[in-house]
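Asks: here are the coordinates; sequence isn't available:
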């Protein structure tokens with residue numbers, strides 16, 4: 001019930017949607033980058049009957065992107081979600097290009113290339129020159145601060161984040177990221193587009209990782225810390241899956257790919273150096289060309305299919321990573337319970353959620369709840385990450401984190417916001433405590 005009402009309220013943004021602004025229609029769109037995310041975004045636009053240009057750097061990558069869109073639409077038709085005729089009409093709305101010549105009359109362009117800051121900065125400089133003056137300049141970045149991406153453009157009022165979740169034509173969440181210079185009209189326009197795309201929007205403030213990925217960056221790190229302490233990664237995945245997640249953190253890392261995982265890990269290390277846990281496990285496998293599911297081997301092995309199988313060779317990487325970690329596992333680590341595994345992975349996530357709420361990155365805890373459910377597949381029956389945190393109790397979470405901080409370091413250090421909630425017996429849902437205007 002909580003998730004239902006949170007979803008209904010996320011599109012009502014105080015100070016933005018109550019100003020009488022009407023969304024401008026999106027008659028034509030463009031997507032830069034045709035890999036997994038870009039092709040998914042283009043598919044979503046085409047399914048909503050919006051003509052879309054897909055740009056790539058060469059014919060090989062462009063053809064691959066178009067094929068992905070074809071496959072997306074074919075899968076939708078074969079599963080009965082759309083008809084064959086609707087699939088044909090959708091693909092007819094997609095045009096592949098290798099330059100910006102056709103960008104002269106687009107209403108929105110969404111950049112969806114790899115998380116490479118210089119590349120994104122170059123693209124946005126080019127887009128400002130190629131697109132009309134009213135065009136929304138959007139990025140699908142999942143973690144980079146928008147002010148960094150748009151550092152070389154003048155049209156700061158049109159810069160906004162349109163963070164889709166993979167697969168973009170299926171996942172319902174759209175994280176709308178604003179800077180201090182993004183115009184209200186641009187935000188309203190993107191809220192209008194989210195409605196056309198049948199997405200659930202959550203408006204957030206720009207900062208490294210935004211809301212969803214920032215809150216969940218400790219999720220994978222906590223799992224790796226446990227693995228470096230001596231806990232079996234496959235047991236960790238099984239425990240987290242039984243908690244209600246669709247897959248465990250190691251299987252999810254395989255799905256996302258190690259190249260992306262390592263790049264994003266560097267962003268977290270730079271943005272939040274005081275509270276990251278930098279395991280060497282993924283790096284060790286990456287150096288041996290184990291890249292995740294796409295390469296057929298990662299934490300698991302994949303024998304020509306998407307079905308994961310335990311990898312016997314993982315033990316050698318675990319042994320090396322544990323030696324490099326410098327951690328001193330307690331004698332009782334072999335006796336760790338499923339509940340302790342769950343808490344050591346999710347309590348740091350709740351801790352980061354408290355920081356995000358206190359910093360007013362999101363408008364309300366209910367926005368964070370719906371974002372965690374729709375963006376990270378946190379089990380809906382638990383109500384979302386902040387709602388679940390209040391169910392557990394700030395005092396209990398604080399005491400456990402404090403104990404682990406003394407044992408394992410600052411990765412677990414409780415935030416000031418969580419400490420205040422614990423000591424003053426205040427629900428997390430009431431953050432930020434100072435009561436100032438949000439966003």
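Replies: Received the coordinates, thanks. Note that this is a predicted model, so its numbers are computed, not measured.

Asks: which SSE is residue 227 in?
Replies: Assignment of secondary structure by DSSP states H and E places residue 227 within helix 212-229.

Asks: ok, then the element right after that helix?
Replies: Moving toward the C-terminus from helix 212-229, the next helix or strand (DSSP H and E) is helix 233-243.

Asks: that next one to helix 212-229, inter-axis angle?
Replies: Interaxial angle of helix 233-243 relative to helix 212-229 (axes from the mean of the first three to the mean of the last three C-alpha atoms, to 10 degrees): 140 degrees.

Asks: check contacts around the residue nearest to residue 45 when sequence neighbours are not counted.
Replies: Among residues not flanking residue 45 along the chain, residue 52 sits closest, at 4.3 Å (C-beta to C-beta, 6 or more residues apart in numbering). Yep, even glycine has a C-beta here, placed from its N, CA and C like the rest. Contact analysis of residue 52 by C-beta atoms under 8 Å, 6 or more residues apart in numbering lists 28-31, 42, 45-46, 93-95.

Asks: the stretch 1-150 of the chain: strands as residue ranges?
Replies: Ranges of strands in the stretch 1-150 of the chain, per DSSP state E, counting those that start in this stretch, are 29-32, 52-55, 94-97, 108-111, 136-139.

Asks: and of these, who's closest to residue 212?
Replies: strand 136-139 (15.3 Å; C-beta to C-beta).

Asks: return the set of buried residues in the closest one.
Replies: Residues 136-139 are the ones in strand 136-139 that count as buried (16 or more other C-beta atoms under 10 Å).

Asks: so residue 204 belongs to a strand, correct?
Replies: Yes. Counting by DSSP: H, G, I helix; E, B strand; the rest coil, one finds residue 204 located in a strand.

Asks: centre of the chain versus stretch 311-328, how much separation?
Replies: Stretch 311-328 sits 28 Å away from the centroid of its parent chain (C-alpha atoms, centre = their mean, to the nearest Å).

Asks: buried residues of that stretch, list them for me.
Replies: Within stretch 311-328, the residues scored as buried using 16+ other C-beta under 10 Å are 311, 314, 317-318, 321-322, 325, 327.

Asks: please enumerate residues in contact with it?
Replies: Applying C-beta under 8 Å, 6+ apart, the set of residues contacting stretch 311-328 from outside is 225, 227-230, 233, 279-281, 284-285, 288, 297-301, 408.

Asks: one more time with 10 Å, if that's ok
Replies: Under the contact criterion C-beta atoms under 10 Å, 6 or more residues apart in numbering, stretch 311-328 has outside partners 224-225, 227-234, 250, 254, 277-285, 287-288, 290, 297-302, 329, 333, 407-409.

Asks: pull out the buried residues from these.
Replies: Among the contacts of stretch 311-328, those buried by neighbour count (16+ other C-beta under 10 Å) are 224-225, 227-229, 231, 233-234, 250, 254, 277-285, 290, 297-302, 329, 408.

Asks: now do the strands in the stretch 251-400 of the chain.
Replies: Using DSSP E, counting those that start in this stretch, strands in the stretch 251-400 of the chain cover 300-302, 308-310.

Asks: could you point out which residue ranges in this structure have low pLDDT?
Replies: Across the chain, the ranges flagged by pLDDT under 70 are 1-9, 434-439.

Asks: find the centremost residue of it, please.
Replies: Central residue of the chain (C-alpha atoms, centre = their mean): residue 213, 4.2 Å from the mean position.

Asks: which residues does that one contact?
Replies: Residue 213 is in contact with 141-143, 163, 165, 175, 219, 264, 267-268, 371, 375-376, counting by C-beta under 10 Å, 6+ apart.

Asks: among those, which are located in helices?
Replies: 219, 264, 267-268, 371, 375-376 (DSSP state H).

Asks: look up how far residue 34 lies from residue 140.
Replies: Per C-beta to C-beta, to the nearest Å, residue 140 is found 12 Å from residue 34.

Asks: these two: which has the busier surroundings?
Replies: Between residue 140 and residue 34, residue 34 has the larger neighbour count (other C-beta atoms under 10 Å), namely 27 against 24.

Asks: ok, how many other residues are close to the spatially closest residue to the more buried one that is not a sequence neighbour?
Replies: Nearest residue to residue 34 in three dimensions, chain neighbours excluded: residue 65, at 2.2 Å (C-beta to C-beta, 6+ apart). Residue 65 has 24 neighbours, counted by other C-beta under 10 Å.

Asks: next one: residue 147
Replies: Number of residues near residue 147 (other C-beta under 10 Å) recorded here: 14.

Asks: was I right to think it contacts residue 205?
Replies: No. Between residue 147 and residue 205 no contact is recorded; they are 11.1 Å apart, counting by C-beta atoms under 10 Å.

Asks: intersection of neighbour lists for those two?
Replies: Common neighbours of residue 147 and residue 205 (criterion: C-beta under 10 Å, 6+ apart): 179-180.

Asks: just to revisit the earlier point, who wins on neighbours among the contacts of residue 213?
Replies: Taking other C-beta under 10 Å as the neighbour criterion, residue 371 ranks highest of the contacts of residue 213 with 32 neighbours.

Asks: any idea how far that one lies from residue 108?
Replies: From residue 371 across to residue 108, the span is 22 Å (C-beta to C-beta).

Asks: before we move on, what about residue 322?
Replies: Distance of residue 322 to residue 108, given as C-beta to C-beta: 48 Å.

Asks: okay, which residue of this protein is out on the far edge from center?
Replies: Farthest-from-centroid check, the chain (C-alpha atoms, centre = their mean): residue 331, 36.0 Å.

Asks: now it: how far from residue 409?
Replies: Distance from residue 331 to residue 409, by C-beta to C-beta: 19 Å.

Asks: number of nearby residues for the closest residue to residue 149 other than its chain neighbours?
Replies: Computed as C-beta to C-beta, 6+ apart, the closest residue to residue 149 that is not its neighbour in sequence is residue 120, at 4.8 Å. Other residues lying near residue 120 total 23 when counted by other C-beta under 10 Å.

Asks: surely residue 120 and residue 144 touch.
Replies: Yes. Under the criterion of C-beta under 10 Å, residue 120 lies in contact with residue 144, with a separation of 7.0 Å.

Asks: just to revisit the earlier point, return the distance of the residue nearest to residue 34 relative to residue 298.
Replies: 24 Å.

Asks: same deal with residue 422?
Replies: From residue 422 to residue 298 the distance is 38 Å (C-beta to C-beta).

Asks: what does residue 104 give?
Replies: Look at residue 104 and residue 298: by C-beta to C-beta, they are 43 Å apart.

Asks: with residue 127 instead?
Replies: For residue 127, the distance to residue 298 (C-beta to C-beta) stands at 34 Å.

Asks: could you do residue 181 as well?
Replies: Going from residue 181 to residue 298 by C-beta to C-beta gives 40 Å.

Asks: repeat that for residue 321.
Replies: For residue 321, the distance to residue 298 equals 14 Å [C-beta to C-beta].
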